[in-house]
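> after the sequence you'll find the predicted model.
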Amino acid sequence: MDEHDKVDWAWVFKSGWKGLCPRCGTGHMFKSWLKISDRCEVCGLDYRFASPDDGPAFFSLTFVAFPLLFFIVWLQVAHEVPVPILAAIAIPLMSLGCLLPLRPIKGWLVASQFVNRSLEAGTGKLWADMHAREDEKQEGKPKR
């Protein structure tokens, strides 16, 4: 791995964690908790390339929910915690544990898509046509 790759990965994690524009590092990536902005207010990066889809939920469930679930099961088996107390511990723990990492994970995925210039194979022309139609609608131009 060369020096360029190390800088890119560090940048991906930093901009994703902080919700900053992956191009300029100062603009905001999100306009609300999980809603990605249309454009960066500083450099004008168009976020239409971003397609994290179900990735944040998958990573949150895989790396947070499963370990928490095993912890809760261990707590019950090892200490025989009464069910109401276990529910009082498990429900907030699972809820916060799964919801809080969604934004940093989504930011990480968007930044990773930008740095790696990812695009689904064979869809470059399709995306360009779709964005051209969207731009025409926004500018009030008639369709071809």
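Noted; the coordinates are in hand. Residues are numbered from 1 along each chain as shown.

> C-alpha only now, for contacts and for neighbours.
Will do.

> residue closest to the middle of this structure?
In the chain, the residue lying closest to the centroid (Cα atoms, centre = their mean) is Lys106, at 0.7 Å.

> OK, contacts around that residue?
Taking Cα atoms under 8 Å, 6 or more residues apart in numbering, we find Lys106 in contact with 16, 34, 52, 55-56.

> likewise for Ile89?
No contacts exist for Ile89 under Cα under 8 Å, 6+ apart.

> any idea how far His79 is from it?
Separation of Ile89 from His79 (Cα to Cα, to the nearest Å): 13 Å.

> and what of Ile36?
From Ile36 to His79 the distance is 43 Å (Cα to Cα).

> quick one: which of the two has more around it?
The neighbour comparison of Ile36 against His79 (other Cα atoms under 10 Å) goes to Ile36, with 21 against 9.

> kindly reformat the contacts of Lys106 as CSV containing distance to Cys98, secondary structure and neighbour count.
Shown next, in CSV, are those (distance: Cα to Cα, whole Å; DSSP: H, G, I helix; E, B strand; the rest coil; neighbours: other Cα atoms under 10 Å):
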residue, distance to Cys98, secondary structure, neighbour count
Gly16, 17, helix, 24
Leu34, 14, coil, 13
Pro52, 17, coil, 17
Gly55, 13, helix, 14
Pro56, 10, helix, 21
